[in-house]
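*Asks:* got a predicted model here, sequence first, then my questions.
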Amino acid sequence: MRVGLLTYSTRPRGGVVHTLAVAEALAAAGVDVHVFGLGTPGEQFFRPTTVPFTLFPAPTDTTSLEEKVFASIDSLTTGLAAVADRFDVLHSQDCISARAAARVRDAGAAVTVVRTVHHVDDFTTQALIDCQRKAIVEPDHVLVVSDYWRRQLHEEYGITARIVRNGVDPARFLPIEPQRAAALRATLGADDRFVFLTVGGVEPRKGTKTLFEALDILRDRGRHPVLAVIGGHSFRDYGQYEREAMGMVSALGIDVVRLGTLADEEVAAWYRGADALAFPSLNEGFGLAVLEALAADLPVVASRLPVFREFLVDERDALLPTPGDPYALADALERVMTDATLRKTLVEGGRAVVPSFTWAASAARHVAIYQSL
């Protein structure tokens with residue numbers, strides 16, 4: 001069986017992280033797998049990988065999101081058309097590569113197109129709404145990573161999708177030396193203050209403004225944690241939201257340090273160097289950062305989204321306040337800050353969750369589905 005896994009980027013966004021992890025687990029299971037993506041000449045993925053990969057040229061001269069999306073589809077289509085006959089399955093993780101794979105198939109390539117829908121974006125232009133819909137209905141088979149999105153695709157698109165859960169590799173998040181943790185925290189000027197970590201950058205879907213409002217509420221209560229923000233690269237342009245959110249930081253006087261896009265090893269170290277994860281998302285496909293935090297023994301404050309409630313239990317392995325409610329979020333953050341017993345309970349609860357999510361199990365499920373095709 002020859003499988004091409006497709007992704008739209010080389011950066012550490014959720015779909016790209018998922019793609020590399022699944023590819024490596026498939027290869028370990030004996031599958032002939034190759035990863036295809038978009039990148040600049042000489043570029044590599046955000047971390048080294050043991051699987052072979054090819055990067056087609058990413059568009060660089062586009063002026064709008066629409067232009068960027070359709071130029072990316074064109075580039076992937078051109079690249080895949082030259083290699084599709086080498087594969088039995090082209091498996092996409094996003095709208096862009098799904099449209100490209102479907103075009104190659106429709107042009108005569110004898111391949112089966114599989115798409116994993118991680119979540120559905122809130123596009124506002126009709127062209128992108130239509131493009132996203134086609135990327136969901138055109139593939140031969142659709143997978144999802146949660147039951148919530150299985151139901152959503154059935155209700156909104158009439159699609160019958162199969163669930164393949166995400167995984168996590170605990171070996172990536174081993175304990176670090178106290179000196180390393182102290183050095184990381186020193187870069188924040190944190191001293192002995194409580195450090196919250198958030199992953200994914202500053203954007204609407206991650207609930208960043210709600211998090212900043214919650215930090216302001218904590219400041220009024222005499223609590224002064226430091227927030228470290230990892231990530232920031234996004235295919236979409238959230239410039240206006242980012243400017244507004246960072247303007248809040250200055251106006252409110254809260255302590256937020258943006259670390260940007262980091263090497264994979266540095267991200268793993270921050271999971272171990274922080275005191276808790278703050279991940280108040282408003283929309284997620286699964287939330288890999290939460291699973292990674294659990295694997296790193298980091299207490300988690302997330303939000304009461306259906307996808308989180310599929311594998312988390314409030315008060316047992318995470319705190320799950322109401323999404324978009326800064327006061328509920330502030331209450332949860334304050335409890336984690338001030339209650340060492342609660343933090344220990346959440347860490348122990350997280351340790352019990354992690355073994356149920358392995359990339360080997362995810363790969364085995366993928367293989368069974370590929371064979372059934």
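*Replies:* That came through fine. Numbering: from 1, shown residues only.

*Asks:* tell me the helices in this protein, going along the chain?
*Replies:* 14-28, 65-81, 95-106, 126-137, 147-157, 178-186, 208-220, 239-252, 264-273, 288-295, 306-309, 326-338, 340-353, 359-372 (DSSP state H).

*Asks:* can you tell which of those helices is closest to Val35?
*Replies:* Closest to Val35 of the helices of the chain, according to C-beta to C-beta: helix 14-28, at 5.1 Å. The way it works is simple: take the backbone N, C-alpha and C, and place the C-beta from them, glycine included.

*Asks:* run through who's touching that closest one.
*Replies:* 3, 5-10, 33, 35, 37, 45-47, 49-51, 93-94, 116, 118, 145, 166-167, 169, 285-286, 288-289, 359-360, 362-363, 366-367 (C-beta atoms under 8 Å, 6 or more residues apart in numbering).

*Asks:* report the distance from the least confident helix or strand in the chain by mean pLDDT to the chain centre.
*Replies:* In the chain, no helix or strand scores lower on mean pLDDT, DSSP states H and E than helix 239-252, which sits at a mean of 92. Helix 239-252 sits 23 Å away from the centroid of its parent chain (C-alpha atoms, centre = their mean, to the nearest Å).

*Asks:* and for stretch 88-98?
*Replies:* From the chain centre to the centre of stretch 88-98 is a distance of 17 Å (C-alpha atoms, centre = their mean).

*Asks:* list the buried ones in that stretch?
*Replies:* Going by neighbour count (16 or more other C-beta atoms under 10 Å), the buried part of stretch 88-98 is 89-98.

*Asks:* so which of these would you say is closest to Asp264?
*Replies:* The closest of the buried residues of stretch 88-98, once distances to Asp264 are taken by C-beta to C-beta, is Gln93, at 18.0 Å.

*Asks:* nearest residue to that closest one in space, please, no chain neighbours.
*Replies:* Distance criterion C-beta to C-beta, 6 or more residues apart in numbering; nearest residue to Gln93, sequence neighbours excluded, is Gly15 at 4.4 Å.

*Asks:* hmm, back to that, the least confident helix or strand of the chain vs helix 208-220, what angle?
*Replies:* If you take axes from the mean of the first three to the mean of the last three C-alpha atoms, to 10 degrees, helix 239-252 sits at 0 degrees to helix 208-220.

*Asks:* list of residues touching helix 239-252?
*Replies:* With contact meaning C-beta under 8 Å, 6+ apart, helix 239-252 is reached by 202-204, 208-209, 212-213, 215-216, 219, 254, 256.

*Asks:* change it to 10 Å
*Replies:* If you take C-beta atoms under 10 Å, 6 or more residues apart in numbering as the criterion, helix 239-252 is touched by 201-206, 208-213, 215-217, 219-220, 227, 229, 232, 234, 238, 254-258.

*Asks:* buried by neighbour count, from these: which ones?
*Replies:* Here, 16+ other C-beta under 10 Å leaves 201-206, 208-213, 215-217, 219, 227, 229, 232, 234, 238, 254-256 buried among the contacts of helix 239-252.

*Asks:* circling back: roughly how far does the residue nearest to Gln93 sit from Val31?
*Replies:* 19 Å (C-beta to C-beta, to the nearest Å).

*Asks:* could you give me the buried positions within stretch 179-198?
*Replies:* 181, 184-185, 188, 190, 194-198.

*Asks:* OK, contacts around the nearest residue to Glu203 once chain neighbours are set aside?
*Replies:* With C-beta to C-beta, 6+ apart as the criterion, Glu203 has its nearest non-adjacent residue at 4.4 Å, and that residue is Tyr238. If you count contacts by C-beta under 10 Å, 6+ apart, Tyr238 has them with 201-206, 208, 232, 244-245.

*Asks:* looking at those, which are in strands?
*Replies:* Members of the contacts of Tyr238 lying in strands (criterion: DSSP state E): none.

*Asks:* where's the dip in pLDDT among those?
*Replies:* pLDDT across the contacts of Tyr238 is lowest for Gly232, at 71.

*Asks:* any idea how far Asp331 is from Ala251?
*Replies:* Ala251 is 23 Å from Asp331, by C-beta to C-beta.

*Asks:* now for the closest residue to Leu153 other than its chain neighbours: which residues touch it?
*Replies:* In space, and not counting its chain neighbours, Leu153 is closest to Ile159: 4.2 Å by C-beta to C-beta, 6+ apart. Going by C-beta under 10 Å, 6+ apart, Ile159 touches 115, 117, 136-137, 139, 141-142, 144, 150, 152-153.

*Asks:* again, only using 8 Å
*Replies:* By C-beta under 8 Å, 6+ apart, the neighbours of Ile159 are 136-137, 142, 153.

*Asks:* most neighbours among the residues you listed, which one is it?
*Replies:* Of all those, the most densely surrounded is Val142 (23 neighbours; neighbours counted as other C-beta atoms under 10 Å).

*Asks:* bridged to that one, which residues?
*Replies:* Arg115 (DSSP bridges).
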